[in-house]
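K.L.:
Need the 3D shape of this:
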Amino acid sequence: MVGILITVLVSRPGSSDGDGKAAPASDGRPSVSPSSSAPAQPPASATPGAGTAQVRYGPADVAADVTNSGSYIELDTSQPVVSGSSVKGGDVIFGASLGDPTLFVPGSASSLAPLPASGPAPSAGECAESVDRNGTYTADVKRGDRFCLLTDQGHVAYLRVVTAPSTGQGKLNVTVWDMPAA
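P.N.:
Numbering: from 1, shown residues only. Now for the predicted structure:
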């Protein structure tokens, strides 16, 4: 009797066939083993030897008044904070004080990196590498331009320019990631 019970439990649909692979379920679909090493979704970014970056915010549009000195945008908060005056910890200024719309990093830190005009959105790791290789502190912007940014608290952001007028409301499409500890 015990032998029959073991045989029934081992040979039931969805159980392992002894080689570590799951047998097909009774409806013909392969069953998923809880010990499967394949992730359910691709990671936001992976850095060799570190964990996976997690999306903190976005992608979502952030509106900012670019008139005169522009708007300070803080990206280290749970949602971006946009202010017409200096914000403690502001990560980027979106403005048009000299007529052409620009992005400017307060304190002139080289933490803004331009990306090619076309292509897929970068991962957090690709953005961080781009800032390491091509970081600058200012850039003229126009609709469709893309940038990576390293915030003053170590978050990585991807910025795509949606609108960039010389006065009025400009928009950036923003994604911010929490980077894993190194």
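
K.L.:
measure residue 156 to residue 97 for me?
P.N.:
Per Cβ to Cβ, to the nearest Å, residue 156 is found 27 Å from residue 97. C-beta coordinates here come from the backbone N, C-alpha and C atoms, glycine included.

K.L.:
between these two, who's got more neighbours?
P.N.:
residue 156 (29 against 15; other Cβ atoms under 10 Å).

K.L.:
Show the pLDDT at the more buried one.
P.N.:
Residue 156 carries a pLDDT value of 97.

K.L.:
Might you report the residue contacts of it?
P.N.:
53, 124, 127, 128, 131, 148, 149, 150, 176, 177, 179 (Cβ atoms under 8 Å, 6 or more residues apart in numbering).

K.L.:
Would you mind listing the buried residues in the helix or strand in which residue 113 is found?
P.N.:
Element membership for residue 113, per DSSP states H and E: strand 112-114. For strand 112-114, the neighbour count (16 or more other Cβ atoms under 10 Å) marks 112, 113, 114 as buried.

K.L.:
now for it, which elements pack on it?
P.N.:
helix 124-134, strand 138-140, strand 146-150 (3 or more Cβ pairs under 8 Å, 6 or more residues apart in numbering; DSSP states H and E).

K.L.:
Just give the nearest non-adjacent residue to residue 133, would you?
P.N.:
residue 113 (7.2 Å; Cβ to Cβ, 6 or more residues apart in numbering).

K.L.:
does residue 60 belong to a helix or a strand, and which?
P.N.:
strand 54-65.

K.L.:
Can you add pLDDT and neighbour count and give the contacts of residue 156 back as TSV?
P.N.:
Converted to TSV, these look like this (pLDDT from 0 to 100; neighbours: other Cβ atoms under 10 Å):
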residue	pLDDT	neighbour count
53	91	22
124	96	28
127	97	27
128	96	21
131	97	20
148	98	24
149	98	25
150	97	23
176	97	25
177	97	23
179	89	22
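
K.L.:
quick one: pLDDT of residue 51?
P.N.:
pLDDT, residue 51: 72.

K.L.:
ok, now residue 40?
P.N.:
25.

K.L.:
now swap in the one 3 residues further on and tell me
P.N.:
Residue 43 is assigned a pLDDT of 34 by the prediction.

K.L.:
ditto for the one 4 residues further on
P.N.:
Turning to residue 47, the model gives it a pLDDT of 38.

K.L.:
ditto for residue 100
P.N.:
Reading off the model, residue 100 has pLDDT 88.

K.L.:
For it, which non-adjacent residue is closest in space?
P.N.:
residue 140 (5.2 Å).

K.L.:
before we move on, what about residue 81?
P.N.:
residue 74 (4.1 Å).

K.L.:
residues contacting the one you found?
P.N.:
80, 81, 82, 83, 87, 89, 90, 91.

K.L.:
give me the number of residues near the nearest residue to residue 135 once chain neighbours are set aside?
P.N.:
In space, and not counting its chain neighbours, residue 135 is closest to residue 110: 3.8 Å by Cβ to Cβ, 6+ apart. Using other Cβ under 10 Å, residue 110 has 14 neighbouring residues.
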